[in-house]
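[1] Got a sequence here, can you model it:
(one chain, ligands or ions: 1)
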Amino acid sequence: MIYLDNAATTRTAPEVLEAMLPYFTEIYGNPSAIYSLGSAGKKAIGEARRTIAAALGARQEEIYFTAGGTEADNWAIKAAAESCSGKGKHIITTKIEHHAVLHTCEYLEKRGYRVTYLDVDGDGLVDPQALKASIRPDTILISVMFANNEIGTIEPIREIGAIAREHGILFHTDAVQAFGQIPIHVEELNIDMLSASAHKLNGPKGIGMLYIRSNAKIPSLIHGGAQERNKRAGTENVPGIVGFAAAVSRAQRMMEEKGRKERELRDYLIGRIEREIPYCRLNGHRDKRLPGNVNISFQFIEGESLLIMLDMRGVCASSGSACTSGSLDPSHVLLATGLRHEEAHGSLRMTLSEENTKEELDEVVGHLKEIVQRLRDMSPLYEDFVKSPKEQYNR
Ligand SMILES: *Cc1c(COP(=O)(O)O)cnc(C)c1O
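    Have a look, this model is predicted:
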């Protein structure tokens, strides 16, 4: 099997699993308990919080554990909306956010909030000047993702943070794809809230966090016990939290090496596809791009068919975001970059890890060449095109 879907989820690293195991078997006490079996868990949570805070340039009391990235996004946006509703009800976000952000904004729209969904350019970049121009006196929150999960484009977060700060508006970023892949410093970037999730960086599923700047007044997400400084009640997921921190340590330690390796593999794969398969285009920005992201549209074919045929040959990839596969709607991200519906349908996302090899990618390119040709041979659109080529698709 060749796994090229690391933006959907990653393999839990062996050292992460090893760090977690004692918290299932021996150190299972409730962290709120007085006896040492409990306090050992509490201590581990404290250490994990410090590790993760340090990786972000934050303070430990600014890290709140959640059940994942989706929960953190929901919390950040709903809490900001609730706590700032006295000032106004306008939110600025983008058309390419993850559904965890978009659907939360749509929920708020039904409750009287107004949301501006910023356009992006052909590479998926948000224009900070357009963002600035959309600010109104009643704007209470700006939420722009750090890097996109489908096309890998890295947004101008520093510029956006500066604009938000200058206008005194809360700034949230969904950094689920970026955290652990590229350096992030919440102070330097003027980020007020940041979402992250362990399973995107070789940690376990079901654990994530929201960074909340200490002076931001954000209401509690879940009411009950005093866990997470009274903001997110419920007995902590101790193994998950410990695993998250182990994954963050690993990611910090490996970031440079892993990034270098993935960029090299990424550019090799993109280069071979662009040279050897006609009528395709790269989606997302060529350089301002996550190290492991490859997203290509193949004209005249259906991404779903491509995925199924790749799967039969043992290759795991995606045709957009994992959350939308299974539905026939074209990706909202690709449409926002200006692709036509049929171009968006013919897209393939391959997200690499440092464990992939050039040999694997050579094998995948071989499969792709065959499959794309076979699907095109069955396509009436392609037949028409071959008879009278109208437009040059490669750019
Ligand atoms: C995966 C992902 C999420 C959701 O995170 P979960 O931990 O799976 O809930 C949110 N935003 C982005 C950009 C993602 O890639």
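[2] What parts of the stretch 1-150 of the chain come near the ligand?
    68-70, 73, 98, 100, 145, 149 (CB under 6 Å from any ligand atom). No exception for glycine: its C-beta is placed from N, CA and C like everyone else's.
[3] farthest pair in the residues you listed?
    The most widely separated members of these, counting by CB to CB, are 68 and 145 (15.4 Å).
[4] Mind checking which of these two has more residues around it?
    It is residue 145, of residue 68 and residue 145, that has more neighbours when counted by other CB atoms under 10 Å, with 27 against 22.
[5] Put the alpha carbons of stretch 79-93 into PDB.
    C-alpha atoms of stretch 79-93 as PDB (Å, rounded to 0.1, in the frame of the first residue of the first chain):
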ATOM      1  CA  ALA A  79     -17.500  31.900  21.700                       C
ATOM      2  CA  ALA A  80     -16.100  35.000  20.000                       C
ATOM      3  CA  ALA A  81     -19.600  35.700  18.500                       C
ATOM      4  CA  GLU A  82     -21.200  35.300  21.900                       C
ATOM      5  CA  SER A  83     -18.700  37.300  23.900                       C
ATOM      6  CA  CYS A  84     -18.500  40.200  21.400                       C
ATOM      7  CA  SER A  85     -22.100  40.500  20.400                       C
ATOM      8  CA  GLY A  86     -22.400  43.700  22.300                       C
ATOM      9  CA  LYS A  87     -19.900  45.300  19.900                       C
ATOM     10  CA  GLY A  88     -21.300  43.900  16.700                       C
ATOM     11  CA  LYS A  89     -22.300  40.800  14.800                       C
ATOM     12  CA  HIS A  90     -20.000  40.900  11.700                       C
ATOM     13  CA  ILE A  91     -17.500  38.100  11.000                       C
ATOM     14  CA  ILE A  92     -14.900  38.000   8.300                       C
ATOM     15  CA  THR A  93     -13.700  34.600   7.000                       C
END
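[6] any residues touching that stretch, and which ones?
    77, 101-102, 105, 108, 112-118, 131, 134-144, 170, 172, 193, 217-219, 221 (CB atoms under 8 Å, 6 or more residues apart in numbering).
[7] Can you tell me which of the residues of the stretch 1-150 of the chain next to the ligand lies closest to residue 233?
    Nearest to residue 233 out of these is residue 68 (CB to CB; 16.8 Å).
[8] which helix in the chain runs the most residues?
    helix 238-276 (DSSP state H).
[9] Give me the subset of the residues of the stretch 1-150 of the chain next to the ligand that lies in helices.
    If you go by DSSP H, those have 69-70, 73, 100 in helices.
[10] Counting only strands, which of the contacts of stretch 79-93 make the cut?
    Judged by DSSP state E, the contacts of stretch 79-93 include 114-118, 139-143, 170, 172, 193 as members of strands.
[11] Columns neighbour count on top of the residues you listed, output as CSV?
    Output for the ones in strands among the contacts of stretch 79-93, formatted as CSV (neighbours: other CB atoms under 10 Å):
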residue, neighbour count
114, 15
115, 19
116, 18
117, 17
118, 20
139, 22
140, 21
141, 28
142, 26
143, 26
170, 27
172, 30
193, 28
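[12] What is the nearest of those residues to residue 225?
    Checking those one by one against residue 225 (CB to CB), the nearest turns out to be residue 193, at 22.9 Å.
[13] now what about stretch 351-366, what contacts it?
    Against stretch 351-366 from outside (CB under 8 Å, 6+ apart): 2-8, 10-11, 152, 254, 257-258, 261-262, 265-266, 268-269, 272-273, 276, 290-294, 310, 315, 318, 350.
[14] Can I get the buried part of those as one PyMOL selection?
    This is how PyMOL selects the buried members of the contacts of stretch 351-366, with burial counted by 16 or more other CB atoms under 10 Å:
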select buried, resi 2+3+4+5+6+7+8+10+152+254+258+261+262+265+266+268+269+272+273+290+291+292+293+294+310+315+318+350
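[15] For the stretch 151-300 of the chain, which residues are neighbours of the ligand?
    So the stretch 151-300 of the chain meets the ligand at 174, 176-177, 197, 199-200, 208 (CB under 6 Å from any ligand atom).
[16] burial of residue 388, as a residue count?
    So residue 388, with other CB under 10 Å, has 6 neighbours.
[17] Report pLDDT for it.
    Model confidence at residue 388, given as pLDDT, is 78.
[18] Same check on residue 91?
    On the pLDDT scale, residue 91 gets 98.
[19] Can you list the strands that the one helix or strand it maps to pairs with?
    Following DSSP states H and E, one finds residue 91 within strand 90-94. Applying DSSP bridges, strand 90-94 is found paired with strand 114-118 (parallel), strand 139-143 (parallel).
[20] Quick one: those as CSV, columns for distance to residue 236 too.
    Formatted as CSV, the strands paired with strand 90-94 follow (distance: least, CB to CB, whole Å):
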stretch, distance to residue 236
strand 114-118, 33
strand 139-143, 26
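[21] now stretch 241-261, how far from the centre of its chain.
    Remark: stretch 241-261 is offset 16 Å from the chain centroid, using CA atoms, centre = their mean, to the nearest Å.
[22] list the buried ones in it?
    Residues of stretch 241-261 classed as buried by neighbour count (16+ other CB under 10 Å): 241-252, 254-255, 258-259, 261.
[23] One more: stretch 149-159?
    149-157, 159.
[24] For the residue most central in space within the chain, which residues are in contact?
    The residue lying closest to the centre of the chain (CA atoms, centre = their mean) is residue 177, at 3.1 Å. Residues near residue 177 by CB under 8 Å, 6+ apart: 7, 145-149, 152, 200, 290.
[25] Now do it, the pLDDT please.
    98.
[26] Which SSE is immediately downstream of the longest helix of the chain?
    Using DSSP H and E, the helix or strand that follows helix 238-276 towards the C-terminus is strand 280-282.
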